[in-house]
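Chemist: okay, predicted coordinates and the sequence, questions at the end:
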Amino acid sequence: MTNLSMTFAATALILVVFLLIVRFDRRPGEKRVKFFTRNGVIVGLYLILCVGFWCILTIIMPMVFMVDLSFHPKLPPSMAGGPEDVFTLVNYRMFLFGSATSTDQLNWLHLRSFFSTIGISIGLTFLNFAVCYPIAYYMAQSASIPRLRLLVLLLIIPYWVNDILRAFAFRILLSYNGFMNNVLTWLGITDTPVDFIGANVALYLALVYSNLLIMIFPLYNAIEAQDHNQIEAARDLGAPWWHIHLFVVMPQAKPGIASGMTLSFMLMAGAIATPLVLAGPRSLWFTPIIYDRFYQLFDWPQGAAYAMALLVACIVFVLGVLKITGLKLGEITK
Amino acid sequence: MAMTSAVQFEQARVDFGSFTAVHETNLDIRSGEFFSFLGPSGCGKTTLLRAISGFIEPSAGKIRIDGADMAGVGPNKRPTALIFQNLALFPVMSVAENVGYGLRVRGVARGVRDEKVKRLLDQVALSQHADKKVSELSGGQRQRVAIARALAVEPKVLLLDEPLSALDLKLRQHMRRELREIQQRVGITFIYITHDQGEALTMSDRVAVMNAGRIEQVGDGRTIYGHPETPFVASFVGESNATSGRVVSVADGLATIDTPLGALSGRNARGLEPGDTATLFIRPELVRLTASDGDCSVATTLVEAAFEGSMTHLTLRTPTGTRIVAMLVAADLDQLPADGDPLTASFAPANAVVLPDTARSS
């Protein structure tokens, strides 16, 4: 079987699995209108073609190529498809156990980086939620319309600044001789400057900052849909504010919380520009390691394998969130 | 039952910015009473209710519940429970969890809580539905969940904000009886908000009729209907024929006013003097087609007779074009003339009331 035909076969398989999931992933008794009945034939065909093109050609097929690549050895182009171009787990072996010359049991350098990236991203996702929930709640339930507009504007405007510029701005702000340290020293809070970059504070701040909107909007949507009377009813029945949020508002906002958390996690774990600029010398964010496989080692198969490891971690995280919250995949898109 | 006060308003006023939603109000709602606020939408009745429950603080004056000044006491600390117009049940909780919510936030032990929830659900006949989601219940059942949830916290005063308005007519009438029964059984004060006079009159011990931020009259249903004290009450509660004019004479508790229909007399309930402008009100069911001695009479023609089962609704028109409505019970149907026939509409002056046009200044 050639590489190309295998890619097509894999793509078809993914599509079939997806359609089967859609078919069976629904609440019992749920009725759905037939796609063409609802949209009409012309619009329906247009949607299928466009979305199909987008999904298959720009998402699934490149991914399948990547998966395929990750199972091949690194070869010069002249030898691709030749007798030495065999299926191999060497790239994954590299990720787990290190190179053949390594004396360590496991590839700790990369594994530690991988797991700390996942762990820290989870932590930052919760931090992001803690920062965004009060803002989203205020926007959805308390703010007057002019206030709401102003707030949305204030939230959106920072996104006009591009990612790398923002990262460098954080660097300037938080570097050893930077603005923040000058202020702290001047105020007499510290004698010696704090190493924000080295302690990764700058990286974490920037990651949370650049994912605020990603978290706020799904939360806002979910909380905004909630009947304000329910909040008042809980209060009238004697509930303190934290109880209302924990047991009345949040359970209903669950789809929004899940969707904000998964998006925020994936964007943090997969961020590349921010860690390249802001990560401290002692930290190794996982994405720069992947980047190096491609552009420092020119070992694309190995890079593909490393990228796959991250992708699988993200998928596991999403499935875990769905499992914990008891939501169906379709519900977090509401 | 002792006649103590459950809720007292002392010169209470509520402003929203420059708009006064409720003007200075003095009112005593007795303990154990079923009290209704009746009025059109925007009259301030919901504002009053929210002020009692604590979601709004009065801009001036005091509100006392059970004798205690409620200034600065939040809604979660007041001995009241509110039933919302849309009920505001928690969709993520089961029926039993909804009912037990108030106990849960009070830290009542699970065993005691379950016991009490079970008893309350028994009382509202929902025991079989305890573990269902609220969305699986019918409208009437949800209504009862809301009542049980509010009663669970043993409020001294239960506040109801038009909770029946979303139900169909039949269920609404049934729930009226049920609410009244529950109130009699638990014996606490119910304060009920409605724009539906039928609800207010059938359920309440006393009714306060509100208009434009003011209480126009407080009394039991019969008094409100039979002895309205302001033109608003006379026209808002029940149907009334009205005609305006200037008072020409007062005698023997009757006032006579000069109207486009001629000189008509009615009870002088508010001590009018000759020269005052006033309006005479007469209920359709008190309009007669055969005049007796001392009756005021008006010559009319029959425009339309609408048969409504037990009653027949007559629309009459005077030569000057004034519309008069009369109600006849079914027994009188045989004597009914044809449309367009002349008819003399008359009423006993004691059955009509003459009220001053100026707004009440109390």
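Modeler: Perfect, I can see it now. Since we're looking at a predicted model, the values are computed, not measured.

Chemist: neighbours of the residue nearest to B:Ala348 when sequence neighbours are not counted, just the number please.
Modeler: Distances taken as CB to CB, 6 or more residues apart in numbering or on different chains put B:Asp295 closest to B:Ala348, at 5.7 Å, once the chain neighbours are dropped. In short, each C-beta sits where N, CA and C put it, glycine included. B:Asp295 has 16 neighbours, counted by other CB atoms under 10 Å in any protein chain shown.

Chemist: B:Asp295: what's it in contact with?
Modeler: B:Arg288, B:Ser346, B:Phe347, B:Ala348, B:Pro349 (CB atoms under 8 Å, 6 or more residues apart in numbering or on different chains).

Chemist: and which of the residues you listed is nearest to A:Ala225?
Modeler: Using CB to CB, B:Phe347 is the member of the contacts of B:Asp295 that lies nearest A:Ala225, at 56.2 Å.

Chemist: quick one: the closest one and B:Glu285 touch, right?
Modeler: No. At 10.3 Å, B:Phe347 and B:Glu285 do not qualify as touching, with contact defined as CB atoms under 8 Å.

Chemist: the two - which one has more neighbours?
Modeler: Higher neighbour count among B:Phe347 and B:Glu285: B:Phe347, with 25 against 15, using other CB under 10 Å.

Chemist: in the sheet, who's paired with that one?
Modeler: B:Cys296 (DSSP bridges).

Chemist: A:His72: what's it in contact with?
Modeler: Contacts of A:His72 (CB under 8 Å, 6+ apart): A:Asp85, A:Val86, A:Phe87, A:Thr88, A:Pro301.

Chemist: the fourth one and chain B, how far apart?
Modeler: What it means is A:Thr88. 51 Å (CB to the nearest CB, to the nearest Å).

Chemist: for the closest residue to that residue other than its chain neighbours, helix, strand, or coil?
Modeler: Leaving out its chain neighbours, the residue that sits closest to A:Thr88 by CB to CB, 6+ apart is A:Pro73, at 5.3 Å. Under DSSP: H, G, I helix; E, B strand; the rest coil, A:Pro73 falls in the coil class.

Chemist: residues touching A:Pro73, list them.
Modeler: So A:Pro73 contacts A:Glu84, A:Asp85, A:Val86, A:Thr88, A:Val90, A:Pro301 (CB under 8 Å, 6+ apart).

Chemist: now it: phi and psi?
Modeler: phi -80, psi 160 (degrees, to the nearest 10).

Chemist: same question, B:Phe236
Modeler: phi -80, psi -40.

Chemist: residues in contact with it?
Modeler: Contact partners of B:Phe236, counting by CB under 8 Å, 6+ apart, are B:Leu38, B:Gly39, B:Pro40, B:Gln197, B:Val209, B:Asn211.

Chemist: who are the packing partners of the helix or strand bottoming out on mean pLDDT in chain A?
Modeler: Sorting the helices and strands of chain A by mean pLDDT, DSSP states H and E puts helix A:35-39 at the bottom, at a mean of 77. Judged by 3 or more CB pairs under 8 Å, 6 or more residues apart in numbering or on different chains; DSSP states H and E, the packing partners of helix A:35-39 are helix A:41-52.

Chemist: helices or strands up against the helix it packs on?
Modeler: Right, helix A:41-52 is packed against helix A:35-39 by 3+ CB pairs under 8 Å, 6+ apart.

Chemist: what residues does the stretch 201-334 of chain A have near chain B?
Modeler: Counting by CB under 8 Å from any CB of the partner chain, the residues of the stretch 201-334 of chain A lying close to chain B are A:227, A:229-230, A:232-240, A:243, A:248, A:251-252.

Chemist: average pLDDT for stretch B:156-163, rounded please.
Modeler: For stretch B:156-163, mean pLDDT rounds to 93.

Chemist: now do the SS call for A:Leu150.
Modeler: Going by three-state DSSP: A:Leu150 is helix.

Chemist: determine the number of other residues adjacent to it.
Modeler: Count around A:Leu150 with other CB under 10 Å applied: 12.

Chemist: mind checking pLDDT for residue 72?
Modeler: Reading this off chain A. In this prediction A:His72 is given a pLDDT of 86.

Chemist: um, chain B though
Modeler: pLDDT at B:Gly72 comes out at 90.

Chemist: what's the burial count for the nearest residue to it once chain neighbours are set aside?
Modeler: Closest residue in space to B:Gly72, ignoring its immediate chain neighbours: B:Glu57 at 7.8 Å, by CB to CB, 6+ apart. Neighbours of B:Glu57 under the rule other CB under 10 Å: 14.

Chemist: got the contact list for B:Glu57?
Modeler: B:Ala51, B:Ala71, B:Gly72.

Chemist: quick one: the second one and B:Lys62 touch, right?
Modeler: The reference is to B:Ala71. Yes. B:Ala71 is within contact range of B:Lys62, at 6.7 Å (criterion: CB under 8 Å).

Chemist: residue closest to the middle of chain A?
Modeler: A:Met266 (1.2 Å; CA atoms, centre = their mean).

Chemist: return the backbone torsion pair for it.
Modeler: Dihedral angles (degrees, to the nearest 10) for A:Met266: phi -60, psi -40.

Chemist: does the closest residue in space to it that isn't next to it in sequence lie in a helix or a strand, and which?
Modeler: Nearest residue to A:Met266, sequence neighbours excluded (CB to CB, 6+ apart): A:Cys314, at 4.9 Å. Element membership for A:Cys314 (DSSP states H and E) is helix A:300-325.

Chemist: and the residue nearest to A:Ala222 when sequence neighbours are not counted, how far is that from chain B?
Modeler: In space, and not counting its chain neighbours, A:Ala222 is closest to A:Gly256: 2.6 Å by CB to CB, 6+ apart. Distance, A:Gly256 to chain B, using CB to the nearest CB: 13 Å.

Chemist: correct me, but A:Gly256 touches A:Pro218?
Modeler: Yes. A:Gly256 is within contact range of A:Pro218, at 4.3 Å (criterion: CB under 8 Å).

Chemist: returning to that earlier point: pick out whichever of the contacts of B:Phe236 sits closest to A:Thr185.
Modeler: B:Gly39 (66.2 Å).

Chemist: in terms of pLDDT, where does the closest one sit?
Modeler: 93.

Chemist: what of A:Arg26?
Modeler: For A:Arg26, the predicted pLDDT is 67.

Chemist: ditto for B:Gly309
Modeler: pLDDT, read off for B:Gly309, is 78.

Chemist: burial check on it, number of neighbours?
Modeler: Using other CB under 10 Å: B:Gly309 sits among 6 other residues.

Chemist: chain A versus that one, what's the distance?
Modeler: 39 Å.

Chemist: can you check B:Arg104 too?
Modeler: From B:Arg104 to chain A the distance is 8 Å (CB to the nearest CB).

Chemist: can you name every helix or strand that the strand or helix carrying that residue contacts?
Modeler: Assigned by DSSP H and E, B:Arg104 falls within helix B:95-105. When contacts are defined as 3+ CB pairs under 8 Å, 6+ apart, helix B:95-105 packs onto helix B:110-123, helix B:139-152.

Chemist: can you get me a residue count around the residue lying closest to B:Asn351 once chain neighbours are set aside?
Modeler: Distance criterion CB to CB, 6+ apart; nearest residue to B:Asn351, sequence neighbours excluded, is B:Leu286 at 4.2 Å. By the criterion of other CB under 10 Å, B:Leu286 has 15 neighbours.
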